[in-house]
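Trainee: can't give you the sequence, but here's the structure:
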């Protein structure tokens, strides 16, 4: 099982949904980088369940940094973050240990780990592990902020309801990062919330689309082939549970354009090169061009729903019908946005350190 992402700045995640702890190790950050515990706690708050539109499982995420930070700054050695699991109900899963939840990782985990996997609450496959990713990403994100690099994600679509487009990017990012339910049009929050509640009432779930904007990235970061910025971001985004698609800039719509419309004409803005449009999402040839990086991910509906579903019991390879128990989200898209922010920050720190050296982030 591979649990580490990154080349120069590497993050390892560990733990299970109902284990004693989950956590992360960050290796490769330079000494002298400020670590703000209040900022980490705030990022974890944005991931936390929010009323009836989220799981009833409430975790306080009382994280501890047990190595790699002294007096609020990094020491240059590995940073270890521990987050306790304090609100578990493992008995909810005892009758489902060998019954595969459709579109979940139960069956594939059985195929790979032969029954030795921790099946409680999804074990290591659970979205609970994203709390560790958020905590690690918050350290990286805070370092990026000090370098003038901002990241913001909004719920572009949920249950078929669309938010407005990005307008003034820096102002929009600032406002998004203050919100628990990250939409640009405040009227959309109520509409999306009602749609999520309706699905929950019916024992069902909904998905959505997240759109991320990154400003302040210097030009010239990334590699033309296997470590392209698009490739690194895509690799990381598909590590987030429920992500099933990604597109950059104009995305798949660019296939319907002519070159004359798809190309981004260049001009000078003082002594800076900018493009008149951003159909390529801030990346050319796998390398940042200095324009905002824009990408979107597709988040599938939560696979665990409270409706009878046909499935199999892999202990005896027989067909059965499952109506799951436990505590589950009718939608995760609103909680996943801060995970996407954190994951983006980890990728960017790694890419910047590879290009300019680890001291760049100091």
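Mentor: Thanks, I have the structure now. Predicted model, so just to flag it, every value in this text is computed and none were measured.
Trainee: In terms of pLDDT, where does residue 101 sit?
Mentor: pLDDT recorded at residue 101 is 90.
Trainee: looking at it, it is touching residue 311, isn't it?
Mentor: Yes. Contact criterion CB atoms under 8 Å: residue 101 and residue 311 qualify, at 7.0 Å. C-beta coordinates here come from the backbone N, C-alpha and C atoms, glycine included.
Trainee: hey, what's in contact with both of these two?
Mentor: Counting by CB atoms under 8 Å, 6 or more residues apart in numbering, the residues touching both residue 101 and residue 311 are residue 322.
Trainee: tally of neighbours for residue 224?
Mentor: Neighbours of residue 224 under the rule other CB atoms under 10 Å: 10.
Trainee: can you give me the helices for the stretch 101-250 of the chain?
Mentor: Applying DSSP state H, counting those that start in this stretch to the stretch 101-250 of the chain gives helices spanning 106-113, 130-146, 169-176, 186-201, 229-237.
Trainee: Cross-check the contact I'm expecting between residue 347 and residue 236.
Mentor: Yes. At 5.0 Å, residue 347 counts as touching residue 236 under the criterion of CB under 8 Å.
Trainee: for the chain, where's the lowest mean pLDDT among helices and strands?
Mentor: Least confident helix or strand, the chain: helix 106-113 with a mean of 91, by mean pLDDT, DSSP states H and E.
Trainee: contacts for it?
Mentor: By CB under 8 Å, 6+ apart, helix 106-113 touches 96, 98-100, 117, 119, 122-123, 125, 312, 314.
Trainee: Buried ones among those?
Mentor: The neighbour-count test (16 or more other CB atoms under 10 Å) marks 96, 99-100, 117, 119, 122-123, 125, 312, 314 as buried among the contacts of helix 106-113.
Trainee: Among those residues, which one sits closest to residue 259?
Mentor: residue 125 (42.6 Å; CB to CB).
Trainee: Distance of that closest one relative to residue 68?
Mentor: 27 Å (CB to CB, to the nearest Å).
Trainee: Let me see the contact set for the closest residue to residue 133 other than its chain neighbours.
Mentor: Closest residue to residue 133 apart from its sequence neighbours, by CB to CB, 6 or more residues apart in numbering: residue 342 at 5.6 Å. Residues near residue 342 by CB under 8 Å, 6+ apart: 43, 133-138, 140-141.
Trainee: any idea which element residue 342 lies in?
Mentor: helix 333-356 (DSSP states H and E).
Trainee: In that helix, which residues are buried?
Mentor: 333-355.
Trainee: Then stretch 247-262?
Mentor: 247-250, 254, 262.
Trainee: for stretch 199-217, same thing?
Mentor: 199-200, 205-217.
Trainee: per-residue confidence averaged over that stretch?
Mentor: The average of the pLDDT scores along stretch 199-217 is 96.
Trainee: how far is it from where the chain is centred?
Mentor: 11 Å (CA atoms, centre = their mean, to the nearest Å).
Trainee: what about the chain, any weak spots by pLDDT?
Mentor: Scanning the chain for pLDDT under 70 picks out 51, 55-57, 87-95, 326-327.
Trainee: can you do 90?
Mentor: Residue ranges of the chain with pLDDT under 90: 1-2, 17-19, 48-61, 86-97, 104-105, 113-127, 304, 306, 322-329, 362.
Trainee: mind listing the strands in the stretch 251-362 of the chain by residue range?
Mentor: Listed in chain order, the strands of the stretch 251-362 of the chain (DSSP state E, counting those that start in this stretch) span 266-269, 272-275, 283-284, 287-288, 293-299, 309-313, 318-322.
Trainee: Need the winner for burial among these.
Mentor: For the strands of the stretch 251-362 of the chain, average neighbour numbers computed from mean count of other CB atoms under 10 Å are highest in strand 293-299, which has a mean of 24.
Trainee: Please report how far the nearest residue to residue 351 once chain neighbours are set aside lies from residue 236.
Mentor: Using CB to CB, 6+ apart and skipping residues adjacent in sequence, the residue nearest residue 351 is residue 221, 5.1 Å away. Distance of residue 221 to residue 236, computed by CB to CB: 15 Å.
Trainee: Which of the two has more residues huddled nearby?
Mentor: Counted by other CB under 10 Å, residue 221 and residue 236 do not tie: residue 236 has more neighbours, with 25 against 20.
Trainee: Go ahead and confirm that one touches residue 346.
Mentor: Yes. With contacts counted by CB under 8 Å, residue 236 reaches residue 346, the gap being 6.7 Å.
Trainee: Can you pull the residues that touch both of the two?
Mentor: residue 5.
Trainee: from what I can see residue 147 touches residue 221, true?
Mentor: No. The criterion here is CB under 8 Å, and residue 147 misses it with residue 221 at 11.8 Å.
Trainee: re the thing from before, and the residue nearest to residue 351, what is it in contact with?
Mentor: Counted by CB under 8 Å, 6+ apart, residue 221 has contacts 229, 287-288, 351-352, 355.
Trainee: biggest separation within those residues, which pair?
Mentor: 287 and 352 (12.6 Å).
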